[in-house]
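**Q** all I have is the shape, not the residue letters:
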């Protein structure tokens, strides 16, 4: 094939999914001349699985992306069908926003955003080769048609397209999600550069026609009011315009699956890739939990202008006839009509232990990875990585210092640290339990944690930063005022306290002391605090959390400072671990292979004990 030169860019982003979008926007907004290559323009920001943004821990990721100047939260607010804050009955550390999005509208909003972004070109083309120069640094990309683009950095955001293979029962063919083409030419090029690849798998349920469901026999699940937006830029909160519903499998459903389990490629050995532990297929759930009488199904709309409904919790790789048969055993689904069949998809992804905290490959200067290519699952995990990779690609080319986030600063930092120090032998999903600092990394305070960083980088605008500063000043002023304001006993106050199930007061008490009682919140005390300024609902909630969890927050902050001391202790890149006396052989081998940048990273590597860390610290102090 004849090769021809088609232009030059500083940054090439390969893939137009959620990672690719944030990577391209971040790099372009920081001034890098950027190109986003996608197999099809119609697949930009596609949601091949559930058309939803957020969820447990994932909602925090979206808020962090937004606080840093990313796009996902803005698009989610513009396309919300239904919104709910999950885990309201638990502590604030695990409160997580989730919205059902209009799938088609989300794609349109994101595509329009990309098309109007300065310094960014969007190009429909399949990248089949990434080239490096004689020094090993990235120098160009080549399309399937032979077009060569000179680039200085390349971010791989291939999602599930890389050598994608679809499985549905006995059927198996090369494809990407939603029947799109697979990216079949890039794998060998990446291998030749030295990228270590493995095979992962994920799946998706059938989409069914709304009119074929008897909703009167399902549990209605309305949205939550008032709606909390994802983006700090959203001034008018979105509205709940659709209901979701809950259905349940039963013993008949499970028997159909058991009778046909031999037809599942997951159990017949056809599928080689490793699937996600926390999002198993329905046949996997039936086999793994044989005594469970029923499994929950969330019936969710795909959009306002479509009759497609998504059956969350029912992903499957069984044949279409079996899927239809077991769906029709479910109450309310007796006449169900399938519009898109369920399937499993297998794809190539890299070993993230090859990456640094900037998501650049350690041995391939200028090559970055983000999203499912790095072994994660989920739109939100992908978007967070894309933003970090895009920022760092641009900053490196501009001669600026790397931008990274610590575990105590963001779930994004926890996610990336887990990937590059522990790796993943299955698709990685973010959960609140993965963070030892989850009380610090709450949904409500993402702007306090990260907006300053986004502003310093150049992704947060002056207007947005001004609004953030005003909010922070209001918070600090109210925090101080609540600590100084005295509430005096009265008949009305004591009646309210007794109604709330807490003891009345006989002497004046500071408002902060009353707020420490779990039964009370800022809104309860407003009638007895005439000097209180007008506060937003969000600011009131933050004051409540700050007061009630003060002791726990203080302890986590102390632990974070200890971790930071380890993270600040850098390890020379050329340190010979095998020459360090007292370091165990296993630890020396792991450290030599992974080459952690700091003591903090080294301490989290599997096979490196606290004793090994102590030996390493002593050696570093000797070197200094």
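**A** Nice, thanks for sending it over. Just so we're clear, the structure is a prediction, and the values are computed from it rather than from any experiment.

**Q** from here on, just use CA atoms for contacts and neighbour counts.
**A** Will do.

**Q** next helix or strand past the lowest-mean-pLDDT helix or strand in the chain?
**A** Within the chain, no helix or strand scores below helix 265-268, which has a mean of 79 by mean pLDDT, DSSP states H and E. Note on helix 265-268: by DSSP states H and E, the next helix or strand toward the C-terminus is helix 282-288.

**Q** other SSEs contacting that following helix?
**A** When contacts are defined as 3 or more C-alpha pairs under 8 Å, 6 or more residues apart in numbering; DSSP states H and E, helix 282-288 packs onto helix 251-259.

**Q** residue 243 versus residue 535, what's the distance?
**A** To residue 243, residue 535 is 31 Å away according to C-alpha to C-alpha, to the nearest Å.

**Q** repeat for residue 600
**A** Residue 600 sits at a distance of 46 Å from residue 243 (criterion: C-alpha to C-alpha).

**Q** higher neighbour count, these two?
**A** Legend: neighbour count by other C-alpha atoms under 10 Å for residue 600 and residue 243, higher for residue 600 (24 against 16).

**Q** now do the SS call for residue 56.
**A** coil (DSSP: H, G, I helix; E, B strand; the rest coil).

**Q** name all residues that make contact with it.
**A** Residue 56 sits next to 86, 94-98, 431-432 when contact means C-alpha atoms under 8 Å, 6 or more residues apart in numbering.

**Q** quick one: which of those is nearest residue 352?
**A** Relative to residue 352, the closest of the contacts of residue 56 is residue 431; by C-alpha to C-alpha it sits at 18.4 Å.

**Q** quick one: average pLDDT of stretch 287-294?
**A** Mean per-residue pLDDT for stretch 287-294: 93.

**Q** from the chain's centroid, how far away is that stretch?
**A** In terms of C-alpha atoms, centre = their mean, to the nearest Å, the centre of stretch 287-294 is found 29 Å from the chain centre.

**Q** shaky segments in the stretch 101-250 of the chain?
**A** Residues of the stretch 101-250 of the chain that meet the criterion pLDDT under 70 are absent altogether.

**Q** which stretches in it count as helices?
**A** Secondary structure of the stretch 101-250 of the chain (DSSP state H, counting those that start in this stretch): helices at 103-115, 186-193.

**Q** packing partners for the longest one?
**A** Using 3+ C-alpha pairs under 8 Å, 6+ apart as the contact criterion, the secondary-structure elements in contact with helix 103-115 are helix 18-29, helix 72-78, strand 120-124.

**Q** likewise the last one?
**A** For helix 186-193, the elements it packs on are strand 127-132, judged by 3+ C-alpha pairs under 8 Å, 6+ apart.

**Q** in the strand it packs on, what counts as buried?
**A** The neighbour-count check on strand 127-132 (16 or more other C-alpha atoms under 10 Å) flags 127-132 as buried.

**Q** quick one: contacts of that strand?
**A** Contacts with strand 127-132, where a contact means C-alpha under 8 Å, 6+ apart, come from 14, 37, 138-144, 154, 183-187, 189-190, 193.

**Q** so which of the helices of the stretch 101-250 of the chain gets nearest residue 312?
**A** helix 103-115 (14.8 Å).

**Q** next, the angle from the closest one to helix 18-29.
**A** Interaxial angle of helix 103-115 relative to helix 18-29 (axes from the mean of the first three to the mean of the last three C-alpha atoms, to 10 degrees): 30 degrees.

**Q** off-centre distance for helix 103-115?
**A** With C-alpha atoms, centre = their mean as the basis, helix 103-115 stands 19 Å off its chain's centre.

**Q** hmm, who's touching it?
**A** Contacts of helix 103-115 (C-alpha under 8 Å, 6+ apart): 21, 25, 43-47, 51, 75-76, 78-79, 120-122, 302-303.

**Q** may I see the buried residues of it?
**A** By neighbour count with 16+ other C-alpha under 10 Å, helix 103-115 contains the buried residues 103-111, 114.

**Q** with stretch 252-264 instead?
**A** Judged by neighbour count (16+ other C-alpha under 10 Å), stretch 252-264 contains these buried residues: 253-254, 256-257, 261, 263-264.

**Q** how is this protein divided into domains?
**A** 4-201+347-447, 207-345, 480-552, 569-623 (automatic domain parsing).

**Q** what is the end-to-end distance of the first one?
**A** As for domain 4-201+347-447, its first-to-last residue distance stands at 46 Å under the measure C-alpha to C-alpha.

**Q** ok, now the third one?
**A** The separation between the terminal residues of domain 480-552, taken as C-alpha to C-alpha, is 19 Å.

**Q** what mean pLDDT does it have?
**A** 93.

**Q** out of the contacts of residue 56, which are inside strands?
**A** Mapping those onto strands (DSSP state E) picks out 86, 96-98.

**Q** residue contacts, residue 52?
**A** Listed by C-alpha under 8 Å, 6+ apart, the contact partners of residue 52 are 98-101.

**Q** can you rerun that using 6 Å?
**A** Taking C-alpha atoms under 6 Å, 6 or more residues apart in numbering as the criterion, residue 52 is in contact with 99-101.

**Q** that one pairs with what?
**A** residue 100 (DSSP bridges).

**Q** any idea of the pLDDT on it?
**A** Per-residue confidence (pLDDT) for residue 52: 97.

**Q** how about residue 585?
**A** We note a pLDDT of 88 for residue 585 in this prediction.

**Q** about what we covered before: okay, the helices of the stretch 101-250 of the chain in a markdown table with distance to residue 344 next?
**A** Formatted as a markdown table, the helices of the stretch 101-250 of the chain follow (distance: least, C-alpha to C-alpha, whole Å):
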| stretch | distance to residue 344 |
| --- | --- |
| helix 103-115 | 20 |
| helix 186-193 | 20 |
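
**Q** that's a helix at residue 404, yeah?
**A** No: applying three-state DSSP, one finds residue 404 to be coil, outside a helix.

**Q** next, count neighbours for it.
**A** 19.

**Q** now residue 401
**A** Residue 401: 9 surrounding residues under other C-alpha under 10 Å.

**Q** now what about stretch 187-194, what contacts it?
**A** Stretch 187-194 is contacted by residues residue 129 when judged by C-alpha under 6 Å, 6+ apart.

**Q** now it: buried residues?
**A** So for stretch 187-194, counting by 16+ other C-alpha under 10 Å, buried means 187, 190, 193.

**Q** could you measure from the first one over to residue 429?
**A** When you say that, I think you mean residue 187. From residue 187 to residue 429 the distance is 24 Å (C-alpha to C-alpha).
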